[in-house]
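Asker: Here is a sequence with its predicted model. Questions after.
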Amino acid sequence: MRKINTGIYKDGICLFGINMFASMLNYICQILMARILSVESFGEINAIFSYLLIIGVPGTTLTMLVSKFYAQSDYVKGKNENRSCLIWGEKFVTITSGVIFIISLILAPVLKSVIQLTENSVVFLVIILGSLSFYHPFFSGVFSGYKKFLLLGLYALLIPVYKLISIFVSYCFGLTDQKRLNILLLIMVLGTFATIVIGSAVSSKIIGGKKETFECKKIWGGTLSFNTLVINICLMVYMNIDILSIRYKGNGAESGLYSSVILFGRIVYYFAATLASIILPSVASNANNRVKTLNKCIIMLLGFSFISLLPINFLGEKIINILYGKEYIGAGKYIIYNSIIAVALSLNTVFSNYLVGIGYSHKWKNALIANIIVIILATILDSGAQSLLLTIGLSGIIVSVYGYFLCIVSKKRGG
């Protein structure tokens, strides 16, 4: 067991390194997009990314459920069953993607209005991206469940790679601002198709075996599936409600400014996502030292957050000027709020994966729902942008404290 755990931690270190490299590439993508697009189009594409994250919530849920299923399976004796469940899962995702595509087409006018998209071609490309957003999380769940953390990181790295390619092609062939936006999205669609093919091929090779008749619906786990879905909905809403609220209030330039500081906080979230990818299959397959493992993750997360966010808060405007240019200087006022939101989101992501991994997610789901309700009420009261962002951040921190309490209680109750 010690050798196995050592291998897991080594792969975990590799995953962290790859994720940090991926986050650096995302930084570069964000900076380059800000350079080749207007402030308004830059705000538009970040609103699109936020929409894709929200519509991809079922996919995130799928990652957690598939990871938990395969982590608790027999890799050797259950090879044929695992292969059959992979094939069944791919069919399920394909059908789901088709349904989402049709529904999105019907609701296209609403989508265009809410996100304030400029052209119908952009709307169509966004619909395609949203419909295909479930494959990547599904295959990521397979890699995570088999504790192939190195592959998990490399697979995630494909996303910023094809984003960089799309930026290069857009810069070379986009003669106008709007054409550049269309080319960016078109190349991302092609990149998404490529990741689907790669994910399917690699997953089949890892699992091995052959298809047989098994009841694969047990992957969903009944109540656990519903709780996990709601948890991920709340996390994704929390993750994106800041930029969407600013965008929805009708100030495209202001959403562009806020978009420039998002990745300052997202680098902390990327680190938390790394920890979460490791902690869920680890606690699901091994009941020993669960809280000890959680405490180590929290200490690492808070330490990383302090080191990452402190210089940004002190030197924010100078960093923004260097990376984005003088037209984005006004974004400096948002850095402190984005930092608080990032820490809260990161803590809640780790707690979510831990509690889902041990099957103790009901009360946590209710707490996250209450948090979203508080934020919605604050929005209805028509708070100013900065006061609303402060409410989002502080409410998230309060929920984080409760989340840690639930983790401790679950240990005492044998969860």
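Answerer: Ah, there it is.
Asker: what stretches of the stretch 51-200 of the chain score poorly on pLDDT?
Answerer: Applying pLDDT under 70 to the stretch 51-200 of the chain flags residues 74-78.
Asker: For this structure, which residue occupies the most central location?
Answerer: L53 (6.4 Å; CA atoms, centre = their mean).
Asker: Which residues are in contact with it?
Answerer: 236, 239-240 (CB atoms under 8 Å, 6 or more residues apart in numbering). Placement of C-beta: from N, CA and C, glycine included.
Asker: nearest to L15, of the residues you listed?
Answerer: M239 (20.4 Å; CB to CB).
Asker: Could you break the protein into its assigned domains?
Answerer: 1-219, 220-415 (automatic domain parsing).
Asker: What's the local residue count around the residue nearest to Q386 when sequence neighbours are not counted?
Answerer: Nearest residue to Q386 in three dimensions, chain neighbours excluded: Y337, at 6.5 Å (CB to CB, 6 or more residues apart in numbering). For Y337, the count of nearby residues is 23 (other CB atoms under 10 Å).
Asker: in which helix or strand would I find Y337?
Answerer: Secondary structure from DSSP states H and E places Y337 in helix 335-357.
Asker: cool, and I128?
Answerer: helix 120-131.
Asker: With only the CA atoms kept, save the next helix-or-strand element following that helix in PDB.
Answerer: For helix 120-131, the succeeding helix or strand toward the C-terminus, using DSSP H and E, is helix 135-145. Taking C-alpha atoms only, helix 135-145 is exported to PDB below (Å, rounded to 0.1, in the frame of the first residue of the first chain):
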ATOM      1  CA  TYR A 135     -16.700  14.400 -23.500                       C
ATOM      2  CA  HIS A 136     -13.600  15.900 -21.900                       C
ATOM      3  CA  PRO A 137     -14.900  15.600 -18.300                       C
ATOM      4  CA  PHE A 138     -16.000  12.000 -18.900                       C
ATOM      5  CA  PHE A 139     -12.600  10.800 -20.100                       C
ATOM      6  CA  SER A 140     -10.900  12.900 -17.300                       C
ATOM      7  CA  GLY A 141     -13.000  10.900 -14.800                       C
ATOM      8  CA  VAL A 142     -11.600   7.600 -16.300                       C
ATOM      9  CA  PHE A 143      -8.000   8.900 -16.000                       C
ATOM     10  CA  SER A 144      -8.600  10.100 -12.400                       C
ATOM     11  CA  GLY A 145     -10.400   6.900 -11.300                       C
END
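Asker: buried set for the helix or strand following helix 135-145?
Answerer: Next along the chain after helix 135-145, taking DSSP H and E as the criterion, comes helix 149-173. Going by neighbour count (16 or more other CB atoms under 10 Å), the buried part of helix 149-173 is 149-156, 158-160, 162-164, 166-167, 169-171.
Asker: go on, stretch 277-287?
Answerer: For stretch 277-287, the neighbour count (16+ other CB under 10 Å) marks 277-285 as buried.
Asker: Against F42, how distant is H136?
Answerer: 24 Å (CB to CB, to the nearest Å).
Asker: Between these two, which is the more surrounded one?
Answerer: Neighbours were counted for H136 and for F42 using other CB under 10 Å; F42 has more, 26 against 23.
Asker: Can you say which helix or strand has that one in it?
Answerer: Applying DSSP H and E, one finds F42 within helix 39-55.
Asker: now that helix against helix 120-131, angle please.
Answerer: Using axes from the mean of the first three to the mean of the last three CA atoms, to 10 degrees, the direction of helix 39-55 lies 30 degrees away from that of helix 120-131.
Asker: Against which helices or strands is the following helix or strand past helix 39-55 packed?
Answerer: Per DSSP H and E, the first helix or strand lying C-terminal to helix 39-55 is helix 57-71. On a contact count with 3 or more CB pairs under 8 Å, 6 or more residues apart in numbering; DSSP states H and E, helix 57-71 meets helix 79-106, helix 135-145, helix 223-248, helix 252-285, helix 335-357.
Asker: I'd like those as JSON lines, with distance to I183 appended.
Answerer: Formatted as JSON lines, the helices and strands packed on helix 57-71 follow (distance: least, CB to CB, whole Å):
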{"stretch": "helix 79-106", "distance to I183": "21"}
{"stretch": "helix 135-145", "distance to I183": "22"}
{"stretch": "helix 223-248", "distance to I183": "22"}
{"stretch": "helix 252-285", "distance to I183": "19"}
{"stretch": "helix 335-357", "distance to I183": "29"}
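Asker: Cool, thanks, talk later.
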